[in-house]
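Q: generate a structure from the sequence data that follows.
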Amino acid sequence: MQKRVVITGASSGIGAATAEAFAAGGARLVLAARNGEALDEVAARCRALGGDVLTMPTDVTVAASVAALATRAREWLGEVDLWFSNVGVGAVGKFQDVPIASHRQVIETNLIGHLNDAYAVLPIFLEQRRGTFVNMISIGGFLAAPWAVAYSASKFGLRGMSEALRGEVSTYPHIHICDVYPTFVDTPAIAHAGNHAGGRTSVPPGVLDPRTVAKAVVRLADHPRNTTAVGAPASLMKLTQFLTPNLSAVMMNGFMGSYFARAEPAPATEGNLFAPPADDGTVDGGFRRPTQRRAVAVGAAGVALATAGAIFLARRSSANRDGNQKRG
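A: Numbering: from 1, shown residues only. Coordinates of the predicted model:
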């Protein structure tokens, strides 16, 4: 069956990769983002792959813009099978060094923008009595990210949004709210982020190919599930967040401080927070190395080891407290 799909944040990275993956399967696509020219580039590649595509420049922070997108998508597609809420931005830097307007824009885009998406498409799903809403979150929905406080707030908020929406549509067995939690992904978003850290941003070893995440999203169209983790098991993310949230945040803060102290100096920039970048339209960020496959395995093992270590420390700390209380 030909899929009818809407993708916001479709002008680059995971959104563009997902559009191409759906197009290769002959889907009909409505692609949305702020940059109309970049959307046209992505649409041309999708049409070459066999997809039928409509582009619609949209700012997800404006509810009326997203409502117009949903109306036009419904008119053109007839029905909406899957809506991929994918827009995401970030601002890196110590909390007090990032302008409050930048923090606010991250929340407006990453959280309010996704709420606007859901608010626009949910009435369509309820009328159809079917449909899949895919919420792109990230590992940041489980593990706090010092030096990206507003990003963390938005991603934790998205997880709560999905859980609440899932409860509200629980009486509709064919309406699905699906979350996707990738680890670091090689997209242009990393270089496009607002930067007030004083150094050039980069990514850790084991960064994912955006197409790997795209495949996971495409699978949800036929096999919806509440939680899909890409790059590390969701159970490890949840355990780390539940058992040692403060420890993981402290460790991450130390890592970020050490990294930016050695990083190549970079001027402060708002990146793509308030306007789309000039080099939009691409899938890859250019961070992956030839040893990518091995690095992914090492990265996944590192997450597992770090989580196991955190659990061990939490248990030992609890045992020590119990022993001290008994001796007292």
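Q: in contact with residue 146, which residues?
A: With contact set as Cβ atoms under 8 Å, 6 or more residues apart in numbering, residue 146 has these partners: 249, 252, 253, 256. (C-beta placed from N, C-alpha, C; glycine too.)
Q: quick check, the second one in contact with residue 140.
A: This points to residue 252. No: counting by Cβ atoms under 8 Å, residue 252 does not reach residue 140; the two are 10.5 Å apart.
Q: circling back to that earlier point, looking at the contacts of residue 146, which are in helices?
A: Members of the contacts of residue 146 lying in helices (criterion: DSSP state H): 249, 252, 253, 256.
Q: any of those residues buried? List them.
A: Buried members of the ones in helices among the contacts of residue 146, scored by 16 or more other Cβ atoms under 10 Å, are 249, 252, 256.
Q: skipping adjacent residues, who's closest to the last one in space?
A: Meaning residue 256. Residue nearest to residue 256 in three dimensions, not counting chain neighbours: residue 147, with 4.3 Å by Cβ to Cβ, 6 or more residues apart in numbering.
Q: can you count the residues close to the one you found?
A: 22 (other Cβ atoms under 10 Å).
Q: OK, contacts around it?
A: Contacts for residue 147 (Cβ under 8 Å, 6+ apart) come out as 92, 93, 94, 197, 252, 253, 256, 257, 260.
Q: before we move on, the earlier item: which one of the buried ones among the ones in helices among the contacts of residue 146 is nearest to residue 6?
A: Distance to residue 6 across these (Cβ to Cβ) is lowest for residue 252, with 34.0 Å.
Q: before we move on, what SS does the closest residue to that closest one other than its chain neighbours have?
A: Leaving aside its sequence neighbours, residue 252 sits nearest to residue 146 (Cβ to Cβ, 6+ apart; 5.3 Å). Here residue 146 is recorded as coil under DSSP: H, G, I helix; E, B strand; the rest coil.
Q: and residue 146, how far is that from residue 125?
A: Applying Cβ to Cβ, to the nearest Å, the value for residue 146 to residue 125 is 37 Å.
Q: also residue 94?
A: Distance check for residue 94 against residue 125: by Cβ to Cβ, it reads 41 Å.
Q: which of the two has more neighbours?
A: Between residue 94 and residue 125, counting by other Cβ under 10 Å, residue 125 is the more crowded of the two (23 against 16).
Q: please tell me I have it right and that one contacts residue 168.
A: No: with contact defined as Cβ under 8 Å, residue 125 does not count as touching residue 168 (11.4 Å).
Q: who touches both of those two?
A: Common neighbours of residue 125 and residue 168 (criterion: Cβ under 8 Å, 6+ apart): none identified.
Q: pLDDT at residue 11, what is it?
A: pLDDT recorded at residue 11 is 97.
Q: how near is it to residue 283?
A: If you measure residue 11 against residue 283 using Cβ to Cβ, the figure is 10 Å.
Q: who has more neighbours out of those two?
A: A count of neighbours by other Cβ under 10 Å puts residue 11 above the other of residue 11 and residue 283, at 31 against 22.
Q: Provide the backbone phi and psi angles at the more buried one.
A: phi -80, psi -10 (degrees, to the nearest 10).
Q: where's it relative to residue 163, distance?
A: Counting by Cβ to Cβ, the gap from residue 11 to residue 163 is 29 Å.
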